[in-house]
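Asks: I would like the atomic coordinates for the input below:
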Amino acid sequence: MSLALLLSACGAEFNPLFVESGGSGPVIGWRVCPGARPDGIAEVGLYRWDRDGTADDPGELLWHIEASHGITTHRIRLGSSPRGFTTRLPLSVALDPASTYALRTNMSSDDLVEGFLTFRPRQLRAGSLVFSDGRTESRRTYDGRDDEDFGCFSD
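Replies: Predicted coordinates:
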């Protein structure tokens, strides 16, 4: 059985992009569809969310990395540049726990597949994550959700 990743326009309730607390700072992740073709995060931008921001124009760009062709990863420590990635703009400011930030990602399998979310660093607690529309949830509850909620559908 093969699976296909389809996002909100195709019926997904949630975006597969999430951010969680890691040992050395926030970690960006992408929910993997079991059985789907290899995929991964190919580009990430962190923005200081503007009050009037949108997914297309979230605000001031603070950090930007991009993968070389063919590189895939599902987890990236915020502010770092994993092997095979190029830093286009280094993160040079500390995140304010009470401020709102936006994350935008592009995936390696398709330039049209992207993730977007907003979060506040104070939301990031051990054992929980932030996803979709800024929703905070325990990692256990998130992992227990049906993959179809995130656009993983059987062909």
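Asks: residues contacting Glu66?
Replies: By CB atoms under 8 Å, 6 or more residues apart in numbering, the residues touching Glu66 are 42-43, 85-86, 88. All C-beta atoms are positioned from the backbone trio N, CA, C, and that covers glycine.
Asks: Could you tell me which of those residues count as buried?
Replies: Neighbour-count burial (16 or more other CB atoms under 10 Å) applied to the contacts of Glu66 gives 42-43, 85.
Asks: mind listing which of the residues you listed are in strands?
Replies: In strands, judged by DSSP state E, the following of the buried ones among the contacts of Glu66 are found: 42-43, 85.
Asks: Looking at those, which is nearest Cys33?
Replies: Ala42 (16.2 Å; CB to CB).
Asks: List the contacts of the closest one.
Replies: 66-67, 71-72, 105-108.
Asks: Cross the residues you listed against strands and list the overlap.
Replies: Short answer: the contacts of Ala42 in strands (DSSP E) are 66-67, 105-107.
Asks: The residue nearest the centre of the chain: what's it in contact with?
Replies: In the chain, the centroid-proximal residue (CA atoms, centre = their mean) is Leu17; its distance is 3.3 Å. Leu17 makes contacts with 28-31, 103, 105, 115-117, 131, as judged by CB under 8 Å, 6+ apart.
Asks: same thing but at 10 Å, please
Replies: Counting by CB atoms under 10 Å, 6 or more residues apart in numbering, Leu17 touches 7, 28-31, 41, 44, 103-105, 107, 114-117, 130-132, 150.
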